[in-house]
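In: model this:
(2 chains)
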Amino acid sequence: MSHHADSHAGHDVHGGPKLYGAILAGLLFLTIVTVGAAYVDFGSSTINIVIAMTIATIKGSLVCLYFMHLRWDKVVNAVVFLSSLVFLAFFITLCLIDVESRDVLRPANWTGQAPTPIPSQVSNTPEGIGQPPKPLPKEQQPATDGHAAPPKH
Amino acid sequence: MSQTLESAHGHHPAQQHHFATMEQQFSAAKLGMWLFLATEILLFGGLFVGYGIMHNRHPEAFVAGHHHLQRPMGAINTIVLLFSSFTMVVAVWASQTNRKKLLIWGLIATIACAGIFMVVKYFEYSHKIHDGLLPGKFYSYKGPQVEGEFMFFSFYFMMTGLHGFHVLIGMIVLAWILIRAMRNEFSDQYYAPVDLAGLYWHLVDLIWIYLFPLLYLVS
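Out: Got it, this is the predicted structure:
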């Protein structure tokens, strides 16, 4: 085995208290900006949330890049971490699209007329989920050569 | 420098035999830590999804609920956690450069900040418990309120509770690292435990960076 005279277990030392102090100052400044922005009305609550989340993401990026050393680290570590954020984005986006579009899914040119409910082919009552629909009253049944109901196999 | 840099064995005493070099051991441990942090993101992710859906559906309940939180308390805790991240990263740098005293003081400062964070949380929680602003069926607040306000406190307690639990675990891990540092176990040849504990601590800070505006600065 070679003697590691002046290598640092294979990793170079990056940063230092000066750089980390500057990052801390930036993070504290952005915290003040976030709190200040919360007292300003930017027109809609959505814009306020987007601004707050954007500042939080800038702060988070500073923490990841410098405090967590991702800027100097092996790329594979950043890939692992970013992949979790990508899947979190899928998770949030798809859940919000799903939940927020229930009951209100309409074509873009919908004019406001409520659609007539489509009669279900399959019973939806708790007693008969998955059962075939009950036969229609006698006078509504289609005339089929005198046979009231289709023959059972 | 560590006195036992090279044992009679021919390699660093902290090197495990299934690794060819210290560098390989360090890289493997670090990749494992990042995989763990990815699962942590997904663990908190479920709560963030629930928060997003419920906030979207009942914005007025979240605005009304967040007025019961004290912004100064949240802001103090944000500053305390950011500062503790700074002391942690300085401790990691100290261990990489053989500054033993700075390493120990960095770790002590980080643990102290975590303690301050938990004390502030204790005062916030006891205030909420006193007012009956509790999650789900335990909600018993009788003052003026809007419909569904209990939901905000369900998210408040679940999100800050899970985060606070992580802070407590972090304190235990850092105390263990501190004891090992005082035993002179770390050097520029072997500092992986300090580095990995630091990564965990920065993630706790990272999650709070998002929790603070979502819970304390609702508009």
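In: look up how far chain A lies from residue B:93.
Out: 6 Å (Cβ to the nearest Cβ, to the nearest Å). In this view, the C-beta of every residue, glycine as well, is placed from N, C-alpha and C.
In: strands of chain A, start to end?
Out: When assigned using DSSP state E, chain A turns out to have no strands.
In: per-domain residue ranges of chain A.
Out: With domains defined by automatic domain parsing, chain A comprises A:15-68, A:73-99.
In: hmm, the longest one touching chain B?
Out: Yes - residues of domain A:15-68 contacting chain B under Cβ under 8 Å from any Cβ of the partner chain: A:15-17, A:20-21, A:23-24, A:27-28, A:31, A:34-35, A:38, A:41, A:45, A:48-49, A:52-53, A:55-56, A:59-60, A:63-64, A:66-68.
In: can you list the domains of chain A in JSON lines and add mean neighbour count and mean pLDDT?
Out: Shown next, in JSON lines, are the domains of chain A (neighbours: other Cβ atoms under 10 Å in any protein chain shown; pLDDT from 0 to 100):
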{"stretch": "domain A:15-68", "mean neighbour count": "16", "mean pLDDT": "94"}
{"stretch": "domain A:73-99", "mean neighbour count": "14", "mean pLDDT": "94"}
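In: okay, the ones you listed in a markdown table with distance to residue B:96 next?
Out: What follows is the domains of chain A, written out as a markdown table (distance: least, Cβ to Cβ, whole Å):
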| stretch | distance to residue B:96 |
| --- | --- |
| domain A:15-68 | 9 |
| domain A:73-99 | 13 |
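In: next one: phi and psi at residue B:190?
Out: Phi and psi for residue B:190, reported as degrees, to the nearest 10, are phi -150, psi 100.
In: any idea how far the residue nearest to it when sequence neighbours are not counted is from residue B:79?
Out: Using Cβ to Cβ, 6 or more residues apart in numbering or on different chains and skipping the chain neighbours, the partner closest in space to residue B:190 is residue B:14 (4.5 Å). Separation of residue B:14 from residue B:79 (Cβ to Cβ, to the nearest Å) stands at 36 Å.
In: between these two, who's got more neighbours?
Out: The neighbour count for residue B:14 versus residue B:79, taken as other Cβ atoms under 10 Å in any protein chain shown, is higher for residue B:14 (20 against 17).
In: worst mean pLDDT across the helices and strands of chain B, which element?
Out: helix B:59-66 (a mean of 91; mean pLDDT, DSSP states H and E).
In: quick revisit: wait, the residue nearest to residue B:190 sits on residue B:187?
Out: No - counting by Cβ atoms under 8 Å, residue B:14 stays clear of residue B:187, with 9.4 Å between them.
In: for residue B:150, which non-adjacent residue is closest in space?
Out: Nearest to residue B:150 is residue B:139, by Cβ to Cβ, 6+ apart, at 3.7 Å.
In: make sure that neighbour is actually in contact with residue B:152.
Out: No - using Cβ under 8 Å, residue B:139 is not in contact with residue B:152; the gap is 9.8 Å.
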